[in-house]
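Enquirer: After the sequence you'll find the predicted model.
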Amino acid sequence: MTEGTPFARTIETRNPLVPYGLTKVALGIVLAGVAVIGLARLQGLMRRELVLGRFVVDLVYAAALGLATLACLYWCIWACKAVVSGLRRIPRLITPPGAPRSIEDAELLRKTFLTRFMPAYEMPSSGPLVLAHRYLSGRVPFLTRPARAVVEDDIRFVRRLVTWALLLGGGAFVLSVLPIPVGDVLISNSLWPLGLGFLVVIGAAAALKILSMVALLPAGAPSTDVLESIRTVRGGGDPSILAPDIEREMLSERVLELPNRVMRLGFQPILGGVEDTGRVAGELFLETQPEPRPHLLPLVRWGYLAAGAALTGLGAAVTMRVPSDLATLSLLRTGGLEPVATYGLLFLAGVVCARTGMGFLRHALLLLNTFRFTSMLTYVQVEGTYGRTEVKAGRAITDSFETSNVVLRSDCQMRVYAAELLTETDAVQQDHPEEAALMSPRSVIGLSVVDRSHRALAIAEGVIDQFGKAGVVLRGIDVGADAVQDIANTNLAFHQAKALAGQRGAAGALGAPAAAEERLLVGAGGTSSAGRLPTTPGEDTKVCPDCAETVKAKARKCRFCGFVFDPSG
């Protein structure tokens, strides 16, 4: 990666919305042209009718022209929006910073690794999916969220279509036996071709939806392969150091030199005093930067795009058309019910076709606006107990200087899981589903074991093994540090000075030995007699004849060895 270049500008993702954008642009241009032509034609018809003054008589024709004009305006606006929306979907797609979002639900990840169950897959308990699971296929629970939403809508559509067909068939049969002119009009020769054509179009749409439901079903259950390792460490140190150590070692597994994503639960330094005991627990989720993974586009997506464009265009053309036979219709004439019924049913069929086509386009968008990512996730779980012990350094039996530290001893069981995550983002719950779903919540849809899964597991195990072999580490006392060496040298020099003082014996002859003791202490890095280590007696001190330690002159008993001084001396 070039230095100084934000990584968000260097990662490009395959844009799956390009086909959807091109389809909307083409459909919008065609419908805009048809709507403009229709408006011009309707304007000419309305001007002619106004000149002839027939609007007062032919109210039905006037209403039909007004309705068609509103339809042309609606489709003109819709076409302009479709072109703008389609043009925004065509350019290249650059991954924004932080995309995709990190999985912050620790319970979801814990459940995925410990039970091998991914919450993205649900067993249907109610609704249309129950029927599909019962009568269509047992693989319905393994549908991802966008495919599940599409299948559920398709089942509702087919169920409504069957209901409509039964109602229309029953109504036609009833009207055919009624001895009134209305029945003869509704089943006339002009309505049967219209109704039959409408049923053929909607039936073809239903057949496509049934085929798409079969095509969207997965081949089988998702992969749930995970590497697992269990380590027991007895007599270890502070387990809070495991998390930063594993993070440091996992730097070698970074992707594109991007930081790994870390989520810690627990692993806080354990504070307290000596002899404190308790339980310790911690969880570490470490994920590498998710990489975009192109996935195969099922043929059903292209079928949805084609069917959506065709049905939307057909419905728009039908709603913008006014039959010419309405121009000769007058409510004052007899036999005017048939053209009115024909136009009304034709307009209704156009609306249904357009709505069905928009549903196909919406489903194509849900299936296309899906992004998949692969990443390496390492999960470390620590449980155990701890206790505190005070460790001292530097003071022997008669040493004068020492240092101490409270260290932690732990007995822990550590579980390590590693797997490659296959995650997915979709636009099912987006407020603006036409925006790229890169920043939508991620769903785990697969677990697999690859080479880098073995490497990640080996890294975590290596850190845990080193932690166990090190045992209780005196992290506060470095025996090889200069300060500890100075303490040891000062204690040694002090003993030498005491031995020299004992050899001299009398208090009056301590002047020369005092200088020798001073040189021993200063040479050893200790403290001189002018400091806090008074090694020679003065006017207010004296030397114990038993242990040669210096005590106050008025002392009656040596504080070092317990020797009782002669009160007269």
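Expert: It's in.

Enquirer: does the residue sitting nearest the centre point of the chain sit in a helix, a strand or a coil?
Expert: Nearest to the geometric centre of the chain sits I103, at 3.0 Å (C-alpha atoms, centre = their mean). Classification of I103 by DSSP: H, G, I helix; E, B strand; the rest coil places it in coil.

Enquirer: Pretty sure it sits against T423.
Expert: Yes. Using C-beta atoms under 8 Å, I103 is in contact with T423, at 7.4 Å. Using the backbone N, CA and C atoms, a C-beta is placed for each residue, glycine as well.

Enquirer: what residues are shared contacts of the two?
Expert: With contacts defined as C-beta atoms under 8 Å, 6 or more residues apart in numbering, the residues shared by I103 and T423 are R442, V444.

Enquirer: how about the helices in this structure?
Expert: Counting by DSSP state H, the chain has these helices, from start to end: 18-52, 59-89, 106-115, 128-131, 145-177, 181-186, 191-216, 242-249, 299-319, 337-368, 451-470, 482-504, 511-523.

Enquirer: Tell me how many other residues crowd the nearest residue to L311 once chain neighbours are set aside.
Expert: Residue nearest to L311 in three dimensions, not counting chain neighbours: G357, with 3.1 Å by C-beta to C-beta, 6 or more residues apart in numbering. Neighbour count for G357, taken as other C-beta atoms under 10 Å: 22.

Enquirer: for R156, same thing?
Expert: 13.

Enquirer: so who does it touch?
Expert: Counting by C-beta under 8 Å, 6+ apart, R156 has contacts P128.

Enquirer: What distance do you get for it to L129?
Expert: 10 Å (C-beta to C-beta, to the nearest Å).

Enquirer: pretty sure A436 is touching L93, no?
Expert: Yes. If you go by C-beta under 8 Å, A436 and L93 touch, sitting 6.0 Å apart.

Enquirer: how much space is there between V201 and C72?
Expert: 22 Å.

Enquirer: Between the two, tell me which one has more neighbours.
Expert: Remark: of V201 and C72, C72 carries more neighbours, 24 against 18, as counted by other C-beta under 10 Å.

Enquirer: what about S448, how many neighbours?
Expert: S448: 15 neighbours (other C-beta under 10 Å).

Enquirer: wait, isn't it in contact with D225?
Expert: Yes. Using C-beta under 8 Å, S448 is in contact with D225, at 5.3 Å.

Enquirer: overlap in contacts of the two?
Expert: What both S448 and D225 touch, as defined by C-beta under 8 Å, 6+ apart, is the set A419.

Enquirer: Show me where the chain dips below the pLDDT cut-off.
Expert: 1-12, 49-58, 168-195, 269-276, 324-339, 341, 389-407, 471-499, 501-539, 569 (pLDDT under 70).

Enquirer: Please parse it into its domains.
Expert: Using automatic domain parsing, the domains assigned to the chain come out as 1-94+296-364, 122-221, 227-293+372-470, 482-537.

Enquirer: who does T425 bridge with?
Expert: F371 (DSSP bridges).

Enquirer: and it, what does it touch?
Expert: P100, T370, F371, F373, A437, L438, M439, S440, P441, R442, S443.

Enquirer: For the closest residue to the last one other than its chain neighbours, grab the count of nearby residues.
Expert: For S443, ignoring the flanking residues on the chain, the nearest one in space by C-beta to C-beta, 6+ apart is A120 at 3.9 Å. When counting by other C-beta under 10 Å, one arrives at 20 neighbours for A120.

Enquirer: Looks like A120 contacts T144 (just checking).
Expert: Yes. At 6.5 Å, A120 counts as touching T144 under the criterion of C-beta under 8 Å.

Enquirer: Return every residue with contacts to both of those two.
Expert: Joint contacts of A120 and T144 (C-beta under 8 Å, 6+ apart) are E424, S443, I445.
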